[in-house]
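kindly return the folded structure for what I paste below:
(chains A and B)
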Amino acid sequence: MAGASETDTQLVEQETTETDAVAGVAIGLSAVLFALAVAAMFERVSLTGTIAGVQTVTLLGGLLTALGVAVIAFGVGSRFGYVETDPDPSAGLIAGFGAAVPWIVVGGAVTLQTLGLSPTVSVFGGLVVGAVAFALTVLPREDVGSTLPLGALLGLTGLVFLTGVIGPTWVWELDWAQQAAITAEFFIPVATLFTTLYGGWASAKAYGGFGARGRHMGAYVLVYLNALSIVAFLFILVAFVVVQGVPGLLNGVELGLGTGPQTTILGVSVTLPVSVPFVMNGVALFNDFQGVLPAIVGTVWLVAGAVTLAVPLGVGAAVFLTEYADRGRFTQVVEVATNGLWSTPSIVFGLFGFAFLIPRFGNGKSLLSGMITLGFMLLPLVVITSREAMLSVPDEYRDASAALGVTKWQTIRSVVLPAALPGVVTGVILGVGRIAGETAPILLTMAGGTFIPGSQTVDVIGGFQFTTSPPFVANPALLEATSALPYQLYALISAGVGASSNVGNADEFRWATALVLLMVVLSFYAIGIATRYYFRRQLKHT
Amino acid sequence: MAPVTDSQSGRIRSAVGGHLRRTREFVEDTEPPALAIITVMILSLLGALVGFLAVSDLTIVPFVVFLTAAGIGWFRYQEETAYVIALMMTVSTILILGLIIVFIFRESVPVIRYESATVFGITVPGLRMFIQPNWDAVSPPIRYSMVPMIHGTVMVTLIASAVAAPLGVSAALFLSEIAPSTVREVVKPGVEILAGIPSIVYGFIGFTVLGPWASTQFQTTGQGSYLFVGIVVGVMALPTVVSVAEDALSSVPESMKSGSLAMGTTDWQTMTSITLPAAFSGVSAAVLLGVGRAIGETMAATVMLRGVPRLTEPLVNVFYGQETLTSIIARNYGEADGLQMDALFVAGVILFVTVLVISIGAQYIEWRMHKRLGGEI
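Residues are numbered from 1 along each chain as shown, chains lettered A, B, ... in the order given. Below you'll find the model as predicted:
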């Protein structure tokens, strides 16, 4: 259809024209506004203060109005032929709905708040305004349709800020039974953020000259922004926890020979050359620095137990499903069951452990119950990832092995499993990362106590005993309630500030616990992802 | 679709017949000692299971017998033993799901009996939990209504879906269609790591940072709002949506996309008119699974909500967050006993059934999509 002409315009429009520059400036303006809105939301920029000598709200309003005018000018200019573009007959339904949504909000809010009408009327008012915006977007040619309603939205928001109708002290009391209000501190950044996104979208479309290319441009701007925000969010989150947690973690750290606690490694007693009290101590009255060692050890044992249970079961089930069973009713049921288990909420696993495991292991919360519960949670993930890994082993491998005259099991053992090993290992590590941070299942099955003394650090290996009565083997360490990092954090939060006075700075202690938990979990992920890269590179080399 | 050739019962009969025949062949082909060992293994494991269910101290005896039999079998008849063990492990996954169903349902029976209500002269067990909004475990009349928690879960899930669905699908499009490979190598692990951040860490940040902030912004009494719990849970459900939707998008055959691009369309036109419609069911399955995650999210909700089971006033008041189905379990299991504990199990049953239905629905949608695209099921 428009393919040939499109290539032509692309070839012709190599140099930057003035109109391109206008659209480019509009995009730049959107970026600035976006940054300002985010900064205002996190209170990096004060709404009551000034930026470069101008009131913040006035500045925001002015910029929004300018952006709106630029967007409308571009659209109208294109309609009357001053700007060379390539618009379609209509902006399309998606753009119509996109424009209708903010206008519904505006219409509803104005009828409700400014005119003071009843909620039913305001819903109606919102819908009418939204319908008008929809019609204005869909009916005219694309250049007008995709700029006019959005530009008007920007202009309206900007003028409302500029004229001080909504100033820094504006409050909208909602008059609800449970008191709530919308304040300017919330409304101004959020309104700026959303209208700016629309403005950026419209200007990106304009920059692309509307039509297929324009829409491509507009969509790409939003999609890239979204991806960027996700990555940025992740970094900010991790950085925030690190910054908050490091002071607590490094409390009383000493470096140098003979400063650390004594431990026994392979039968040799050594004194560690570093002392980090937070991860090497428990909580005790006479400790100089309190720590979370019991929780760390608890987490390690928990993960070890869950892996011992889930990995053999899961890999075995995956072997059966991919190698032995024919595709049919049975495999389908197993698949549905594993996927169902995978999406079962973690708290339901906790309830199950509470009802099923606790009465069977000494009628109290125990490490063993926690291990098994988490093992059940890990199981579906191991089955799913191992199955994927085994399915991706080429059939030629199996055929070649079978052609040597060996049995099916020998093929599986010496061909399929080694080839699928990287995938299985990666899946298991990532799954472990997931369960290591789970709180809800162990809440009901394993954990007790907010502050665990260092003397109660579990010692599973040393705990085994043989008894004369059934079941003949006993391990008190496995049957005792203990702590784990995620539970420790939860207990610290729910205990409140008063209860944690015996750890000195309670807030520091909590953030440091969160940091240690995050480090443990993320290191599993880092190892898992690194393993995947390693094996992938190995595969490429061979 | 091909017309159904044989009736349901006929298919079942032939399937059962096939199993019987295969079992008979297996028995005939296997040497008698191997068969004996396999029988011992199966019987002893069944015995161990029964003993475990009956809370018997002697459970260890059949289990040791099983281990011994398996050990002997492994050295003498590895082929057959491996097969049987793999089969048992497969059955165990179904068994676990079955046990979960049995045990959480069994525990919730007493309170369902207690909360019976009479409608038109018929007594319906459990009905009163859904027709009045009072949860009071302390002062009479003792009532365990699920209505406030269902309301909370619905609010949180709606907000979370509004966050996770558009952002997740857009990120999946980015990863599978748009991003250059170097960018993808950075963003994809990033999304995975986002899935790995423990929910309690999200909850902690929400509790210490977002909660007080929201409370001053909206001038509410005390902190805890469905709005911000919903946003946080939406971020937590995001990775699920991204990874499942990305799988669906990249399973659209390359030939379809190339065909479209060869017509001279832009990449975005190809995405909206070819890739997204073809993968639509897979993408909606991704959103469904994200919704399932959001419903089941526990710790962030527990830490950030107020923990008072009641409806917000008015119902759309998202600036107050009372309690969800998940958080009431996590908050109250400690002091609960008797009927109240059973009521928590009812909350668990509602969660479990809802999420299971969502999971099965999503799988059905994905299965249909694969079938239509002609790929391997």
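
helices and strands of chain B: which one bottoms out on pLDDT?
Lowest on mean pLDDT, DSSP states H and E among the helices and strands of chain B sits helix B:8-29, with a mean of 72.

what's the helix or strand following that helix in contact with?
Heading C-terminal from helix B:8-29, the first helix or strand you meet, by DSSP states H and E, is helix B:32-53. Under the contact criterion CB atoms under 8 Å, 6 or more residues apart in numbering or on different chains, helix B:32-53 has outside partners A:360, B:27, B:30, B:58-59, B:61-63, B:65-66, B:69-70, B:72-73, B:76-77, B:80-81, B:84-85, B:88. Bear in mind the C-beta positions are built from the backbone N, C-alpha and C, glycine included.

residues of the next helix or strand after helix B:32-53 that come out buried?
Next along the chain after helix B:32-53, taking DSSP H and E as the criterion, comes helix B:60-76. Within helix B:60-76, the residues that count as buried by 16 or more other CB atoms under 10 Å in any protein chain shown are B:60-63, B:65-66, B:69-70, B:73.

helix B:60-76 versus helix B:32-53: what angle between them?
150 degrees (axes from the mean of the first three to the mean of the last three CA atoms, to 10 degrees).

does helix B:60-76 reach chain A?
Yes: Helix B:60-76 lies within reach of chain A by CB under 8 Å from any CB of the partner chain, at B:60-61.

let's test this: mean pLDDT of that helix, rounded?
Confidence for helix B:60-76, expressed as mean pLDDT, is 84.

remind me what it packs against, helices and strands.
Counting contacts by 3 or more CB pairs under 8 Å, 6 or more residues apart in numbering or on different chains; DSSP states H and E, helix B:60-76 packs against helix B:32-53, helix B:78-114.

okay, now the residue nearest to B:Leu210 when sequence neighbours are not counted: neighbour count?
Nearest non-adjacent residue to B:Leu210, counting by CB to CB, 6 or more residues apart in numbering or on different chains: B:Phe228, 5.0 Å away. Counted with other CB atoms under 10 Å in any protein chain shown, the neighbours of B:Phe228 add up to 26.

residue ranges of the helices in the stretch 401-542 of chain A, please?
Here the stretch 401-542 of chain A has its helices, by DSSP state H, counting those that start in this stretch, at A:408-411, A:417-436, A:440-445, A:485-499, A:506-541.

ok, now the stretch 51-200 of chain A?
Applying DSSP H, counting those that start in this stretch to the stretch 51-200 of chain A gives helices spanning A:56-79, A:93-109, A:119-138, A:142-145, A:148-162, A:184-207.

what's the most buried one of those helices?
helix A:142-145 (a mean of 26; mean count of other CB atoms under 10 Å in any protein chain shown).

list the contacts of it.
A:74-76, A:78-79, A:85, A:87-92, A:95-96, A:136-139, A:206, A:210-211, A:214.

thinking again about what came up before, which one of the buried residues of helix B:60-76 sits closest to A:Gly405?
Of all these, A:Gly405 sits closest to B:Gly73, with 22.9 Å by CB to CB.

B:Thr81 is in contact with that closest one, correct?
Yes: B:Gly73 lies in contact with B:Thr81 (CB atoms under 8 Å); the separation is 3.6 Å.

what's the closest non-adjacent residue to the residue of the stretch 1-150 of chain B found nearest chain A?
Across the stretch 1-150 of chain B, the shortest distance to chain A (CB to the nearest CB) belongs to B:Met89, at 3.3 Å. Excluding the flanking residues, the one nearest B:Met89 by CB to CB, 6+ apart is A:Gly316, at 3.3 Å.

as a whole number, average confidence for whichever helix or strand that neighbour is part of?
According to DSSP H and E, A:Gly316 maps onto helix A:293-319. Taken as a whole, helix A:293-319 carries a mean pLDDT of 89.

for that helix, packing partners?
helix A:277-280, helix A:367-391, helix A:417-436, helix A:485-499, helix A:506-541, helix B:78-114.

any regions of the stretch 251-377 of chain B where pLDDT drops low?
Along the stretch 251-377 of chain B, the parts satisfying pLDDT under 70 run over B:374-377.

which residues of it lie near chain A?
B:263-269, B:272, B:289, B:292-293, B:295-299, B:302-303, B:312-314, B:317, B:319-320, B:326, B:329-330, B:333, B:344-345, B:348, B:351-352, B:355-356, B:358-360, B:363, B:377.
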